[in-house]
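Engineer: no sequence on this one, just coordinates:
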């Protein structure tokens, strides 16, 4: 069984990134930069791959998001693989879309501290969908958003 949850993202995009310079230390200093991405279906429509070019102020790098849908649970898993660490897949965030919002969670660590990671997909029914990443040190009671991506069609 296929899922159409991520069909909004299929195709070519220009991406505006906004990222905190430091995470979970009370930093309010954001950097903004551009990028692009191309997303295509895989696994017969039960997954997709998002190929990213990210133009960080320190230099350009590549990364992919790998997404897989489990029809039995209705959940998606999302992995991140970066050219900065090409043999390491990040811990997958797992979740689903409800009422137009995609919410995905994972237990991970940052600098040796356990964190809860959250990805949100917002405004997916508009010409400018948004992805947000946030982290929590208190099990999800409070969140620090540390990265946003606004997508516009190429």
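Structural biologist: All right, it came through fine. Since this is a predicted model, take the numbers as computed values, not measurements.
Engineer: Any stretches of the chain with poor pLDDT?
Structural biologist: Counting by pLDDT under 70, the low-confidence segments of the chain come to 1.
Engineer: Show me where it has its strands.
Structural biologist: Under the criterion DSSP state E, the chain contains strands at 11-20, 30-42, 47-56, 59-70, 75-82, 93-98, 101-110, 113-122, 130-136, 144-153.
Engineer: Compare those strands and give me the one nearest residue 3.
Structural biologist: When the strands of the chain are compared by Cβ to Cβ, strand 59-70 sits nearest residue 3, at 4.4 Å. (Each C-beta comes from the backbone N, C-alpha and C, glycine too.)
Engineer: Check what contacts that closest one and list those residues.
Structural biologist: Contacts of strand 59-70 from elsewhere in the structure, counted by Cβ atoms under 8 Å, 6 or more residues apart in numbering, are 2-3, 5-6, 43, 46-54, 75-84, 89.
Engineer: got the buried residues for it?
Structural biologist: The neighbour-count criterion (16 or more other Cβ atoms under 10 Å) identifies 63, 64, 65, 66, 67, 68, 69 as the buried residues of strand 59-70.
Engineer: now do stretch 69-83
Structural biologist: For stretch 69-83, the buried set under the neighbour-count rule, 16+ other Cβ under 10 Å, comprises 69, 76, 77, 78, 80, 81.
Engineer: got it, and stretch 105-123?
Structural biologist: Counting neighbours by 16+ other Cβ under 10 Å, one finds that the buried residues in stretch 105-123 are 106, 115, 116, 117, 118, 119, 120, 121, 122.
Engineer: Same check on stretch 4-14?
Structural biologist: Taking 16+ other Cβ under 10 Å as the neighbour-count basis, stretch 4-14 is seen to contain the buried residues 5, 6, 8, 9, 13.
Engineer: got it, and stretch 40-47?
Structural biologist: In stretch 40-47, residues buried by neighbour count (16+ other Cβ under 10 Å) are 46, 47.
Engineer: just how off-centre is that stretch within its chain?
Structural biologist: 17 Å (Cα atoms, centre = their mean, to the nearest Å).
Engineer: end-to-end on it?
Structural biologist: This stretch, stretch 40-47, spans 9 Å end to end (Cα to Cα, to the nearest Å).
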